[in-house]
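K.L.:
below: sequence and its predicted model.
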Amino acid sequence: MIRKTLIASAVILCGTVGFSAAAKADSTTVDMTGDVAGSCTFGNVTPGILEINGDGTALVTTTTGSVPVTCNTTGTLTLDGVTDTNAFTGYDSNNVGITLSVTGGTDVLTEADIAGAGTGLDQTTTTLTIDLTATENTGGILPAGTGYTYGVQLTATAN
């Protein structure tokens, strides 16, 4: 009798635990959301190299400068200016005219585009290349000096 009662109790207990767990089960989905703001970022800059031309009147690009720009949406590239960072005796930056081109965007930017509307950038990584010529514009030659340096300022903005 005890044996039958024990077996019956075990069956009832197992059934209660089994049904109880199934009766209390539930499931749900937890969503994880977020936003990604549009952005454009520049990568590592590779400086260009300028060398004097044959008659001594201009520094011309022999190796273009470059920089990658990555946009996660379409963007706009603007040419903000060119900075002359020379400061040696005998050099007057007012006597030097700059011509340049920036390629890689939808259109080529030149010195005429400084402070202009800019050009389009695609949603990708684009390598921009910069070509520059600094010409002595008073009819003379460029004075001897080291470190003729011109910084081309660019801005990439997400649309």
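P.N.:
Received the coordinates, thanks.
K.L.:
wait, a strand at residue 129?
P.N.:
Yes: using DSSP: H, G, I helix; E, B strand; the rest coil, the secondary structure at residue 129 is a strand.
K.L.:
so it bridges to which residues?
P.N.:
residue 66, residue 103 (DSSP bridges).
K.L.:
neighbours of residue 44, just the number please.
P.N.:
Counted with other CB atoms under 10 Å, the neighbours of residue 44 add up to 7. For the C-beta atoms, the positions are set from N, CA and C on the backbone; glycine is no exception.
K.L.:
now do the same contact list for it.
P.N.:
Neighbour list for residue 44: 67-68 [criterion: CB atoms under 8 Å, 6 or more residues apart in numbering].
K.L.:
and it, which of the three is it?
P.N.:
Classified using three-state DSSP, residue 44 is coil.
K.L.:
and stretch 77-88, how far from the chain's centre?
P.N.:
Put simply, stretch 77-88 sits 20 Å off its chain's centre (CA atoms, centre = their mean, to the nearest Å).
K.L.:
what's the mean pLDDT across that stretch?
P.N.:
Across stretch 77-88, the average pLDDT comes to 87.
K.L.:
what comes up buried for that stretch?
P.N.:
77-79, 82 (16 or more other CB atoms under 10 Å).
K.L.:
buried residues in stretch 123-135?
P.N.:
Neighbour-count burial for stretch 123-135 flags 126, 128-134 (criterion: 16+ other CB under 10 Å).
K.L.:
quick one: contacts of that stretch?
P.N.:
Under CB under 8 Å, 6+ apart, the answer for stretch 123-135 is 43, 48, 50, 57-61, 64-75, 77, 82, 96-105, 142, 148, 150, 152, 154.
K.L.:
so residue 121 bridges to which residues?
P.N.:
Residues in beta-bridge contact with residue 121 (DSSP bridges): residue 75.
K.L.:
how many neighbouring residues does it have?
P.N.:
25.
K.L.:
with residue 72 instead?
P.N.:
14.
K.L.:
now it, nearest residue through space, not along the chain?
P.N.:
With sequence-adjacent residues excluded and distances taken as CB to CB, 6 or more residues apart in numbering, residue 72 is closest to residue 39, at 5.8 Å.
K.L.:
likewise for residue 115?
P.N.:
Excluding the flanking residues, the one nearest residue 115 by CB to CB, 6+ apart is residue 80, at 6.9 Å.
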